[in-house]
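Chemist: Show me the folded form of this:
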Amino acid sequence: MKIKKIGHCCLLIETNGLIILTDPGVFTVAQNSITGIDIVLITHEHGDHLHTGSVQEIIKNNPHVQIITNTGVGKKLDGVGVAYTLVEGVNTIDVKNVLIEAFDGKHEEIFEEIGQVQNTGYFIDGKLFYPGDSYSNPGKKVDVLALPVGGPWCKIPDALRYCIEINPRVAFPVHDGLVKGELVKGTYVNPTAVLKEKGIEFVGLVDGEERDF
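Modeler: Purely as a prediction, here's the structure:
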């Protein structure tokens with residue numbers, strides 16, 4: 001599985017011949033010009049995960065792309081005439097022999113009920129778990145975890161406890177778009193050290209970087 005971090009929570013994933021894009025939000029624009037995308041996974045409707053203008057540009061450049069998401073996002077897409085497939089709750093879909101499994105989990109608290117929208121994490125090809133803005137546990141072995149490390153709802157101690165609970169072979173950071181430039185590498189110092197002690201490799205994937213997992 002190859003994973004390229006476009007930025008924040010926007011990832012370009014290649015697995016078994018399938019090209020997947022996640023969460024095209026307002027923090028990135030590079031996704032708008034990418035071609036060859038088979039599916040787009042959108043975890044929830046917040047602007048840093050869903051920018052409808054970007055979705056429309058992606059469709060222009062990938063006319064056969066399939067948008068996979070939940071009901072909350074679907075209502076936003078209905079407003080701009082974008083078709084989508086609902087995969088939410090604990091449902092699954094098979095796309096070109098790649099299994100996509102949904103795991104709805106409560107959006108982590110920003111403050112009380114602020115921002116408490118439907119959030120759907122996705123388990124991709126039995127390997128990568130991308131939880132969106134949730135510390136949800138899929139209840140099965142995770143090889144690679146996309147670990148949220150920043151934002152108004154996320155503290156490093158909570159992120160580390162979550163990662164230790166999930167116990168993946170390897171984790172890499174997402175949801176770090178609010179940390180700018182070289183400062184983002186400082187955010188990765190403690191996760192690298194703490195998780196190494198727990199037998200988990202933390203790969204400090206930065207924007208524009210691609211790695212094999």
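Chemist: quick one: the strands in the chain?
Modeler: 2-7, 10-15, 18-22, 39-41, 66-69, 85-86, 92-95, 98-104, 120-124, 128-130, 144-148, 170-174, 201-202, 210-212 (DSSP state E).
Chemist: Flag every buried residue along stretch 75-92.
Modeler: 76-77, 82, 84, 87-88 (16 or more other CB atoms under 10 Å). Where C-beta positions appear, they are placed from N, C-alpha and C, glycine not excepted.
Chemist: before we move on, the earlier item: dump the strands of the chain to a markdown table, plus mean pLDDT.
Modeler: Listed next are the strands of the chain as a markdown table, based on pLDDT from 0 to 100:
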| stretch | mean pLDDT |
| --- | --- |
| strand 2-7 | 98 |
| strand 10-15 | 98 |
| strand 18-22 | 98 |
| strand 39-41 | 98 |
| strand 66-69 | 98 |
| strand 85-86 | 98 |
| strand 92-95 | 98 |
| strand 98-104 | 98 |
| strand 120-124 | 98 |
| strand 128-130 | 98 |
| strand 144-148 | 98 |
| strand 170-174 | 98 |
| strand 201-202 | 98 |
| strand 210-212 | 98 |
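Chemist: will you turn these into JSON lines that also has distance to Cys163?
Modeler: Formatted as JSON lines, these follow (distance: least, CB to CB, whole Å):
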{"stretch": "strand 2-7", "distance to Cys163": "17"}
{"stretch": "strand 10-15", "distance to Cys163": "17"}
{"stretch": "strand 18-22", "distance to Cys163": "18"}
{"stretch": "strand 39-41", "distance to Cys163": "21"}
{"stretch": "strand 66-69", "distance to Cys163": "25"}
{"stretch": "strand 85-86", "distance to Cys163": "29"}
{"stretch": "strand 92-95", "distance to Cys163": "24"}
{"stretch": "strand 98-104", "distance to Cys163": "16"}
{"stretch": "strand 120-124", "distance to Cys163": "14"}
{"stretch": "strand 128-130", "distance to Cys163": "11"}
{"stretch": "strand 144-148", "distance to Cys163": "5"}
{"stretch": "strand 170-174", "distance to Cys163": "5"}
{"stretch": "strand 201-202", "distance to Cys163": "8"}
{"stretch": "strand 210-212", "distance to Cys163": "17"}
